[in-house]
Structure formats: structure tokens, C-alpha cells
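Colleague: Return a 3D structure for these sequence lines:
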Amino acid sequence: MKTDTMRALIVSAITVLCLGLQGCETAPLSQSQKEEKRAEVRNMANQSLDQLYQAHPGARDAVKNAAGYAVFSDFGFKLLYGGGEKGNGIAINNATKQETFMMMYEIQPGYGLGASKFRLILVFDTPDAFNNFVTSGWTAGANMMAAAKTNTSGSAYAGAVTVSSGVHMYQVTEQGLIVGVSITGGKFYKDSELQ
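Modeller: Model prediction:
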């Protein structure tokens with residue numbers, strides 16, 4: 001009986017998610033709608049950086065002296081045996097000030113129920129690391145979690161984790177800086193709608 005009830009709940013949840021995704025399909029954005037969305041992402045990025053700098057003032061120099069940086073706002077959900085996170089963001093080349101609007105999606109395995117909001121700030125040491133992220137996107141998986149164990153305390157990147165060669169990541173919630181990163185299956189890619 002419990003198994004049948006659990007199956008019914010899972011089927012219901014999947015049905016609701018599929019219907020929700022179909023409802024998300026919209027007509028292309030007008031130019032004014034694009035500008036409005038871009039302004040919202042820029043505002044989110046500025047607020048996120050201010051929040052990071054309050055929690056860790058040394059991060060200001062890390063971001064300023066980097067080849068580039070990216071900021072993502074993430075809203076997550078967890079329902080029964082799994083969940084996901086979806087967010088948008090912006091990557092900025094410090095040399096040229098060129099903006100690239102991006103998206104992220106993360107799948108989270110594991111049992112749970114609830115929602116969470118957090119911000120990710122990625123800092124790129126080299127132009128190659130930044131350009132590779134912007135042009136090819138990026139998938140974070142088990143390798144990133146292994147690399148995330150790298151200790152960065154005592155440097156300009158204190159509070160961040162090194163997620164790959166030349167790439168550091170801060171994770172911030174409304175309560176402040178989180179030491180460590182909980183991304184387990186993230187995909188970062190250009191937002192074609194806002195380019």
C-alpha cells in the first residue's frame with residue numbers, strides 16, 4: 001500500500017513539473033523586455049557582490065584583479081527523491097567590460113522537501129579560463145567537488161573554493177558567505193534569449 005501511494009505521489013509530481021515546463025514556453029522577448037531582464041540580472045549581480053564584500057572584504061580585490069567573473073542567482077527546489085536548481089546570471093570580462101548573460105541548471109539527488117535561494121560568484125584568474133567558461137559553457141560534477149576541497153584560506157580567495165584550474169567559487173545565501181560549495185551537477189551556458 002505504501003509503495004502504491006509513493007508511486008502515485010511521484011507520478012503526480014512529475015506530471016506537475018512537466019505541465020509547469022510546458023507553461024514556461026513563451027513568445028520571444030521584445031527589445032524592451034530584454035533590456036528589463038538584463039537590468040534585473042545586473043542589479044542581482046551588484047547586490048550579490050555587495051553581499052560577498054560585506055561577508056569577506058578581501059573578495060573585492062580578487063574580483064577586481066581577475067580576468068573576469070560571473071554571478072548567478074539560484075533558486076532551488078527539492079521534492080521527494082530529487083530536486084533541482086535553476087538560475088540566471090552574468091559573466092563580465094574585466095579587460096573589455098563585455099557582458100555575457102548566462103543560465104545555470106543543477107540536479108540534486110537525495111531525499112528532501114523544500115526550497116532554497118543562494119548566489120554563486122565565480123572568479124577567473126586567466127583570460128583562457130574566463131573565455132572557455134563563456135564560449136563553451138561549463139558542467140560541474142564529481143571532479144569539481146573533489147577540487148572544491150582545495151584550501152584557499154589566508155589568501156584573497158579565503159572563503160572560496162577552487163573548482164578547477166584558475167576558477168574560484170563563492171557561495172552566498174541571505175545569511176552570508178558559505179564556506180564550501182554544494183553544487184553537484186551544475187550546467188552553465190549562454191542565455192540565448194538575452195544575447
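
Colleague: which residue ranges form the helices in this protein?
Modeller: 2-23, 31-55, 59-64, 127-136, 142-147 (DSSP state H).

Colleague: measure Ile90 to Tyr69 for me?
Modeller: According to C-beta to C-beta, to the nearest Å, Ile90 and Tyr69 sit 9 Å apart. Using the backbone N, CA and C atoms, a C-beta is placed for each residue, glycine as well.

Colleague: Let me fix that, I meant to ask about Leu52.
Modeller: With distances taken as C-beta to C-beta, Leu52 is found 10 Å from Tyr69.

Colleague: so what sits against both of those two?
Modeller: Common contact partners of Leu52 and Tyr69 (C-beta atoms under 8 Å, 6 or more residues apart in numbering): Ile121.

Colleague: tell me the contacts of Leu122?
Modeller: Here Leu122 is in contact with Tyr69, Ala70, Val71, Phe72, Ala91, Phe133, Val163, Val167, His168, Met169 (C-beta under 8 Å, 6+ apart).

Colleague: ok, what's across the strand from it?
Modeller: Ala70, Met169 (DSSP bridges).

Colleague: Quick check: the gap between it and Gln33.
Modeller: Taking C-beta to C-beta, one finds Leu122 at 27 Å from Gln33.

Colleague: Then Val172?
Modeller: Taken as C-beta to C-beta, the span from Val172 to Gln33 is 28 Å.

Colleague: neighbour count winner among the two?
Modeller: Val172 (22 against 14; other C-beta atoms under 10 Å).
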